[in-house]
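> no FASTA, just this:
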């Protein structure tokens, strides 16, 4: 057997990232949710959505990072995470705009907030962009760049050949619209959790500027489309049966991700609280959305109060429609549906309820709670699992 050792990386980012972001709670929280992969296929660094898992990745060149100072490494990390926070990765670029100009606009928007980037990085107020003010959005910088392009008499777009140090190659390339929605909803959840961690940390938000922080909090407080969240839950609970193949190769990052033939099957349990405090409006809104979600997956409907009656459990098959129904009417015990689901092979568990009962035991699969805004604002118990407030008027 060959005992050759794997060559040591000139810089392993995973060993240093916690140290680099120790005074940046917000960015540290985002970082923990992004997979970091060393690769010689990128000259510097770049963030993207993995087309197979719909999870976020940071690809980085170890040699590039090895040649940077710690402040530069930290700002490069923050630069990449800002691309996620500002939704540059998950949004389509404006129509009729070249990749190059949009990439410059996105980088100028981010670099306004960073002071220790590698030498020569794009910066408002410097070099070619001396008359560009700091702190604008990517769209605002895009308008200025388009004007610069029109006013330039020479061939080309009038932009410098250097200054953009990272790779934007796979932005907005997550595949089908369903998949893009998964990535966007996942990102919203990451940013919400990062904001909560930063707000409760002794270091606060670190170097995140006040205006950026205000925009982030405003987005979090904006009304939530619970239907999109529910679709996202079903998609991310989906089990993947994959077989690798060499026939499909990622064109941009060759051999970093092997091709996959994927067949997805989702088994979702929907437990419906049948106690008298769960009113007909909640049930009607929930059943209405499940009729739409039945286009995506097969559900097992589990009515419960303080118990689960096997005779009342039924399968809601993909493509079927069902009317709102109430079949029980006792108290509430969340352990009853949790135990029923834990004993069976499910990928996800959704519970429609008023949350007015003690916290149940842990779920063996991903679990989500749905209730009205009134009950969501004052739950009987605290949980780190997602609670979605539905609008009964939708």
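In hand now; what should we look at? Only a predicted model underlies this, so the values are computations on that prediction, with no experimental measurement involved. Numbers count the residues shown, from 1 in each chain.
> span of stretch 314-330 from start to end?
Distances were taken as Cα to Cα, to the nearest Å; on that basis the terminal residues of stretch 314-330 are 20 Å apart.
> flag every buried residue along it.
For stretch 314-330, the buried set under the neighbour-count rule, 16 or more other Cβ atoms under 10 Å, comprises 316, 324, 328. (C-beta placed from N, C-alpha, C; glycine too.)
> surely residue 300 meets residue 312?
No: under the criterion of Cβ atoms under 8 Å, residue 300 makes no contact with residue 312, lying 11.5 Å away.
> the two - which one has more neighbours?
Each of residue 300 and residue 312 had its neighbours counted (other Cβ atoms under 10 Å), and the higher figure belongs to residue 300 (18 against 15).
> tell me what the nearest residue to that one once chain neighbours are set aside is bridged to.
What sits nearest to residue 300 in space, not counting adjacent residues and going by Cβ to Cβ, 6 or more residues apart in numbering, is residue 269, at 5.0 Å. For residue 269, the beta-bridge assignment (DSSP bridges) gives partners residue 300, residue 349.
> neighbours around residue 269, how many?
Using other Cβ under 10 Å as the criterion, residue 269 is surrounded by 25 other residues.
> from residue 365, how far off is it?
When Cβ to Cβ, to the nearest Å is applied, the distance between residue 269 and residue 365 equals 8 Å.
> and for the two, which residues touch both?
When Cβ atoms under 8 Å, 6 or more residues apart in numbering defines a contact, the residues bordering residue 269 and residue 365 alike are 341, 346, 348, 349.
> between these, which sits nearest residue 45?
Within the shared contacts of residue 269 and residue 365, the smallest distance to residue 45 is 33.7 Å, found for residue 348 (Cβ to Cβ).
> pLDDT wise, what is that closest one at?
The predicted local confidence for residue 348 comes out at a pLDDT of 87.
> check residue 161 too.
Residue 161 is assigned 61 on the pLDDT scale.
> also residue 255?
At residue 255, the predicted lDDT confidence score is 54.
> which residues does residue 364 contact?
341, 342.
> pick out the most distant pair among the shared contacts of residue 269 and residue 365.
Checking the shared contacts of residue 269 and residue 365 against each other with Cβ to Cβ, the farthest-apart pair comes out as 341 and 348, at 9.4 Å.
> which neighbours do the two share?
Counting by Cβ under 8 Å, 6+ apart, the contacts common to residue 341 and residue 348 are 269, 365.
> circling back to that earlier point, most surrounded residue in the shared contacts of residue 269 and residue 365?
For the shared contacts of residue 269 and residue 365, neighbours were counted using other Cβ under 10 Å, and residue 349 has the most, 26 neighbours in all.
> now the longest helix seen in the chain: average pLDDT?
Longest helix in the chain by number of residues, with DSSP state H as the criterion: helix 177-200. Here the mean pLDDT over helix 177-200 is 78, rounded to a whole number.
> distance between that helix and the chain's centre?
Here helix 177-200 shows a centroid-to-chain-centroid distance of 4 Å under the convention Cα atoms, centre = their mean, to the nearest Å.
> give me the contacts around the helix or strand just after it.
Of the helices and strands lying after helix 177-200 in sequence (DSSP states H and E), the nearest is helix 210-221. Here helix 210-221 makes contact (Cβ under 8 Å, 6+ apart) with 85, 113, 135, 188, 191, 192, 195, 205, 208.
> any of those buried? List them.
Applying a neighbour-count criterion of 16+ other Cβ under 10 Å, the buried members of the contacts of helix 210-221 are 85, 113, 188, 191, 192, 195, 205, 208.
> closest one of those to residue 384?
Comparing those against residue 384 with Cβ to Cβ places residue 192 closest, at 11.9 Å.
> ok, so what distance separates residue 138 from residue 204?
Residue 138 sits 26 Å away from residue 204, going by Cβ to Cβ.
> again, but for residue 22
Relative to residue 204, residue 22 is positioned 13 Å away (criterion: Cβ to Cβ).
> and for residue 330?
47 Å.
> residue 368 too?
30 Å.
> so those two - more neighbours on which side?
Taking residue 368 and residue 204 together and counting by other Cβ under 10 Å, residue 368 has the greater number of neighbours (21 against 15).
> report the buried residues of the helix or strand hosting that one.
Assigned by DSSP H and E, residue 368 falls within strand 366-372. When neighbours are counted by 16+ other Cβ under 10 Å, the buried residues of strand 366-372 are found to be 366, 367, 368, 369, 370, 371, 372.
> quick check, nearest of those to residue 10?
For the buried residues of strand 366-372, the minimum distance to residue 10 (Cβ to Cβ) is 38.3 Å, reached by residue 366.
> just confirm that closest one contacts residue 349, I think it does.
Yes: taking Cβ under 8 Å as the contact criterion, residue 366 and residue 349 are neighbours in contact, 7.0 Å apart.
> ok, back up a step: now, which of the shared contacts of residue 269 and residue 365 sits nearest residue 283?
Distance ranking of the shared contacts of residue 269 and residue 365 against residue 283, using Cβ to Cβ, places residue 349 first at 17.9 Å.
> correct me, but that closest one touches residue 368?
Yes: between residue 349 and residue 368 there is a contact under Cβ under 8 Å: 7.4 Å.
> please tell me how far residue 9 sits from residue 218.
Counting by Cβ to Cβ, the gap from residue 9 to residue 218 is 40 Å.
> so those two - more neighbours on which side?
Higher neighbour count among residue 9 and residue 218: residue 9, with 14 against 9, using other Cβ under 10 Å.
> find the residue closest to the more buried one in space, skipping its chain neighbours.
Spatial nearest neighbour of residue 9, excluding adjacent residues (Cβ to Cβ, 6+ apart): residue 62 at 4.5 Å.
> could you report the neighbour count for the one you found?
16.
> that one contacts residue 14, doesn't it?
No: with contacts defined as Cβ under 8 Å, residue 62 does not count as touching residue 14, sitting 10.7 Å away.
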